[in-house]
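# Starting from these lines, generate the structure:
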Amino acid sequence: MIHILTVDDEPALLRALVLNLTNRGYTVSTADTGETAISQTAIKRPDLMILDLGLPDLDGLDVISHIRRLQPELPIVVLSARTGSTDKVTALDLGAVDYVTKPFSMDELLARLRAAARRVNIAKPIIPITLGALSIDLPARLIRPANGTTAQLIHLTPTEWRMLEVLLT
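Predicted coordinates:
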């Protein structure tokens, strides 16, 4: 599941984004100030960020600069009422991967989020897979009986793990 940090100081817009994104399978956290966005990024390490430039405490462009130092690989999609090309160019030069102006289409925003996720290859976590009497947890590299006991762990070489991962995904 992809975790998105949505940063905007408009409560109605935040609620709409949370509802739409959650209904489409995303995990969503919100922040209504730039400082909150920076601290949540450091703590929660989101996979994507939707950022409004017009925040009450910090300019969104400054938030992008701070975020780049904390999590340089984080894709930031700017969602802003600022329509001037100077703001767009500055945001993109600072490290935003896309810029959407308000008002916006939810379908377009979702498409841009999917594109941003593809650009950085955000992989959805793989939950343990049950095959017959076995439970396979690829991230933990564990194969055990599906009933949860650890007495009979199955050991694989790194090459065997990679082959199993390719076959299962």
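# what mean pLDDT would you report for the helix or strand where Asp93 lies?
Per DSSP states H and E, Asp93 falls inside helix 85-94. For helix 85-94, mean pLDDT is 94.
# neighbouring contacts of it?
Leu53, Gly60, Leu61, Ile64, Ser65, Arg68, Val78, Ser80, Arg82, Tyr99 (C-beta atoms under 8 Å, 6 or more residues apart in numbering). Backbone N, C-alpha and C define where each C-beta goes, glycine included.
# Now do the buried residues in the helix or strand that comes right after that helix.
Counting by DSSP H and E, the next helix or strand C-terminal to helix 85-94 is strand 98-101. Along strand 98-101, these residues count as buried under the neighbour rule (16 or more other C-beta atoms under 10 Å): Asp98, Tyr99, Val100.
# Same check on stretch 89-96?
Residues of stretch 89-96 classed as buried by neighbour count (16+ other C-beta under 10 Å): Thr90, Ala91, Leu94, Ala96.
# Next up, the contacts around Arg112.
With C-beta under 8 Å, 6+ apart, Arg112 has these contacts: Val77, Asp98, Val100.
# Wait, a helix at it?
Yes: membership of Arg112 in a helix is supported by DSSP: H, G, I helix; E, B strand; the rest coil.
# Tell me the confidence at it?
pLDDT, Arg112: 92.
# do the same with Pro11
As predicted, Pro11 sits at a pLDDT of 91.
# likewise the one 4 residues further on?
According to the model's per-residue confidence, Arg15 sits at a pLDDT of 92.
# What of the one 5 residues further on?
What the model reports as pLDDT for Asn20 is 91.
# how about Asp59, what does it touch?
Asp59 sits next to Gly34, Leu53 when contact means C-beta under 8 Å, 6+ apart.
# how about 10 Å then?
Gly34, Leu53, Ser65, Asp87 (C-beta atoms under 10 Å, 6 or more residues apart in numbering).
# What about those residues, which are in strands?
Among the contacts of Asp59, no member is found in strands (DSSP state E).
# filter the residues you listed to the buried ones?
Neighbour counting by 16+ other C-beta under 10 Å classes Gly34, Leu53, Asp87 among the contacts of Asp59 as buried.
# Can you report how many residues lie near Thr22?
Counted with other C-beta atoms under 10 Å, residues neighbouring Thr22 total 12.
# My error: substitute Ser29 in the last question.
Residue neighbour count, defined by other C-beta under 10 Å, stands at 18 for Ser29.
# again, but for Ala115
So Ala115, with other C-beta under 10 Å, has 13 neighbours.
# Next, the buried residues of the helix or strand hosting it.
Element membership of Ala115, judged by DSSP H and E, is helix 106-119. Buried residues in helix 106-119, counted by 16+ other C-beta under 10 Å: Leu109, Arg112, Leu113, Ala116, Ala117.
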